[in-house]
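> Please find the sequence and the predicted model below.
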Amino acid sequence: MDRSRSPAWQTEVERTLLAFGGRGTLGDLIVTTGLPRLDVERSLEGLMADEHAQVAVSETGVLVYRLDERQHQPLPDEGPRRHTPALLRRRSRLPSGTSSVGFDRKTLRLIRARGGVLSMAELIEHTGLPLCEAREEMERLVELYGGEAHPSWDGHVVYAFPELMVSVHGDFAVREPRPAWVRCEDPMRRSKKRPLRAGLELIGSGIGLLASASPLLALPWVGVEVGAASLGLVIASSVVGVFVFGRGILRALRRTGRYRFRDADTLRRYALGYVFETALKGKGVVSLERTVQVLQRRAGKRKVSRSGVERALRQLAEEFDAPITELDGDRFFGFRNVKRQFLASHVQRARLQLARMAGGRTVFDSGDSPVVAAQRELEAFDRALRDEPPLRVG
């Protein structure tokens, strides 16, 4: 196969293996690259077909992929952590069509950091998505990364990703990504818009608004007669342009610090953080007045809308089946289900124990010569004879 025509993700998988010292499991490669399992498997098949990689099976049943030493020279020792997976992610050369891969890497890090088991509440904490969208996101993760649904003891469903917890590197440390509620922007979408891009969007919308409004402003001073049909067309196009570009300006302004706390999605994320913090520390009862005070302290001099906070809490209460009570003019929301979901994933994590390491002898290696392969088979046969219990006579 012509190496120059190899898909970009195959090159990424090869570079990731190289950064791992030439050895890695399917789980190691998926977590580091963020690519779907099927793409990683196809990339590995392509590397093996090109004789740039081999696969070995350890005694524990773990598949370990290895770059061919004849095709790749080991990386030079340039000091600690110079060629780590984190550095490799920053140098990613994936095509622009894989824009979701960046956030998927963070989600996969979260899954691995939490023992390969994730509840819906944990995914909502990570993404900030409403429950209906979080369910769609979980279904996508299950399909792309080999997840399995597990019912918990109290009726909740948690999701396990066993393949992501198989590793050949015992020191592969994973740091959890920041949850959505510590961010002022949507971590899945709006955070991809850098400040320069947001500024250009604001400038472009302003120019478009000015261009759309100019015909309307110039109509009283136009000295030539304009037909009724042409006049109507000009007015209609100008009104549409003013509406479209005006909305663009409002969206850009809402992302600025001054108007941040007037955005419903931002208020929901900040309220989500307080709800989760309260639920995990105690019984999970959140008052409206206390939530407004917490968000107001975070906003500083900017005014936080009490009605906006209440809408956010009511939306979260609907998603987590939280009862609402009213007492002494204040409203209280009971988010006990949040803690129950975290507990359900913890119980499944302890029960499943998904973390597995490649260890013991190598029982098969695709890079073996016929002589070495025959020797492995003889050794396996001898071990089987030694482990076989003696036959009983009579």
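The structure has been received and is ready for your questions.

> residues near residue 311, how many?
Neighbours of residue 311 under the rule other Cβ atoms under 10 Å: 15. The C-beta positions use only the backbone N, C-alpha and C, and glycine is treated the same way.

> Over to the one 5 residues further on?
Burial measure for residue 316: 22 neighbouring residues, criterion other Cβ under 10 Å.

> how far away is it from residue 352?
29 Å (Cβ to Cβ, to the nearest Å).

> Next secondary structure element downstream of the lowest-mean-pLDDT helix or strand in the chain?
Ranked by mean pLDDT, DSSP states H and E, the weakest helix or strand in the chain is helix 85-90, scoring a mean of 47. For helix 85-90, the following helix or strand on the C-terminal side (DSSP states H and E) is helix 101-113.

> In terms of secondary structure, what does that next one contact?
Secondary-structure packing of helix 101-113 (3 or more Cβ pairs under 8 Å, 6 or more residues apart in numbering; DSSP states H and E): helix 26-33, strand 117-119, helix 120-127, helix 131-145.

> who's in contact with it?
Residues outside helix 101-113 that contact it (Cβ atoms under 8 Å, 6 or more residues apart in numbering): 27, 30-35, 89, 92, 94, 117-118, 122-123, 126-127, 141, 144-145, 161, 164-165, 174-177, 187-188, 192.

> Tell me which of the helices and strands packed on helix 101-113 sits nearest to residue 366.
helix 26-33 (14.8 Å; Cβ to Cβ).

> what angle separates that closest one from helix 131-145?
Orientation of helix 26-33 against helix 131-145 (axes from the mean of the first three to the mean of the last three Cα atoms, to 10 degrees) gives an angle of 130 degrees.

> Now do the buried residues in the helix or strand just after helix 26-33.
Downstream of helix 26-33, the next assigned helix or strand under DSSP H and E is helix 37-49. Buried residues in helix 37-49, counting neighbours by 16 or more other Cβ atoms under 10 Å, are found at 37, 39, 40, 42, 43, 44, 46, 47, 48.

> As TSV, these with distance to residue 327 would be great.
Listed next are the buried residues of helix 37-49 as TSV, based on distance: Cβ to Cβ, whole Å:
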residue	distance to residue 327
37	50
39	54
40	54
42	59
43	59
44	60
46	64
47	64
48	66
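
> my read is residue 169 is in a strand, agree?
No: counting by DSSP: H, G, I helix; E, B strand; the rest coil, residue 169 is not part of a strand but coil.

> Tell me how many other residues crowd it.
15.

> my read: it touches residue 22, true?
No: using Cβ atoms under 8 Å as the test, residue 169 is too far from residue 22 to be in contact (11.6 Å).

> How about the contacts made by residue 48?
Counting by Cβ under 8 Å, 6+ apart, residue 48 has contacts 54, 55, 366.

> And residue 5, what's its pLDDT?
At residue 5, the model reports a pLDDT of 46.

> all strands for the chain, in order.
23-24, 53-58, 63-67, 117-119, 148-151, 157-160, 166-167, 285-287, 324-327, 330-334, 356-357, 362-365 (DSSP state E).

> and residue 135, which of those strands is closest to it?
Per Cβ to Cβ, nearest to residue 135 of the strands of the chain: strand 157-160, 10.1 Å.

> in its sheet, what does that closest one sit against?
strand 117-119 (antiparallel), strand 148-151 (antiparallel) (DSSP bridges).

> tell me the mean pLDDT for the shortest one?
Meaning strand 117-119. Averaged across strand 117-119, pLDDT comes to 96.

> Output the strands of the chain as a markdown table; include the columns mean neighbour count and distance to residue 279.
As requested, the strands of the chain are arranged in a markdown table below (neighbours: other Cβ atoms under 10 Å; distance: least, Cβ to Cβ, whole Å):
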| stretch | mean neighbour count | distance to residue 279 |
| --- | --- | --- |
| strand 23-24 | 22 | 38 |
| strand 53-58 | 19 | 42 |
| strand 63-67 | 20 | 40 |
| strand 117-119 | 25 | 13 |
| strand 148-151 | 13 | 21 |
| strand 157-160 | 21 | 17 |
| strand 166-167 | 22 | 32 |
| strand 285-287 | 19 | 8 |
| strand 324-327 | 10 | 15 |
| strand 330-334 | 18 | 9 |
| strand 356-357 | 16 | 32 |
| strand 362-365 | 15 | 47 |
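
> Just put those in JSON lines and tack on distance to residue 301.
Converted to JSON lines, those look like this (distance: least, Cβ to Cβ, whole Å):
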{"stretch": "strand 23-24", "distance to residue 301": "51"}
{"stretch": "strand 53-58", "distance to residue 301": "58"}
{"stretch": "strand 63-67", "distance to residue 301": "56"}
{"stretch": "strand 117-119", "distance to residue 301": "37"}
{"stretch": "strand 148-151", "distance to residue 301": "47"}
{"stretch": "strand 157-160", "distance to residue 301": "42"}
{"stretch": "strand 166-167", "distance to residue 301": "49"}
{"stretch": "strand 285-287", "distance to residue 301": "24"}
{"stretch": "strand 324-327", "distance to residue 301": "30"}
{"stretch": "strand 330-334", "distance to residue 301": "25"}
{"stretch": "strand 356-357", "distance to residue 301": "53"}
{"stretch": "strand 362-365", "distance to residue 301": "65"}
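
> Those: which one's closest to residue 10?
Nearest of the strands of the chain (Cβ to Cβ): strand 53-58, 10.3 Å.

> Next, the angle from the closest one to strand 63-67.
Inter-element angle recorded for strand 53-58 and strand 63-67: 150 degrees (by the same axes, to 10 degrees).

> Give me the contacts around strand 53-58.
For strand 53-58, the external contacting residues (Cβ under 8 Å, 6+ apart) are 14, 17, 44, 47-48, 63-68, 358-367.

> now do 7 Å
17, 44, 47-48, 63-68, 358-360, 362-367 (Cβ atoms under 7 Å, 6 or more residues apart in numbering).
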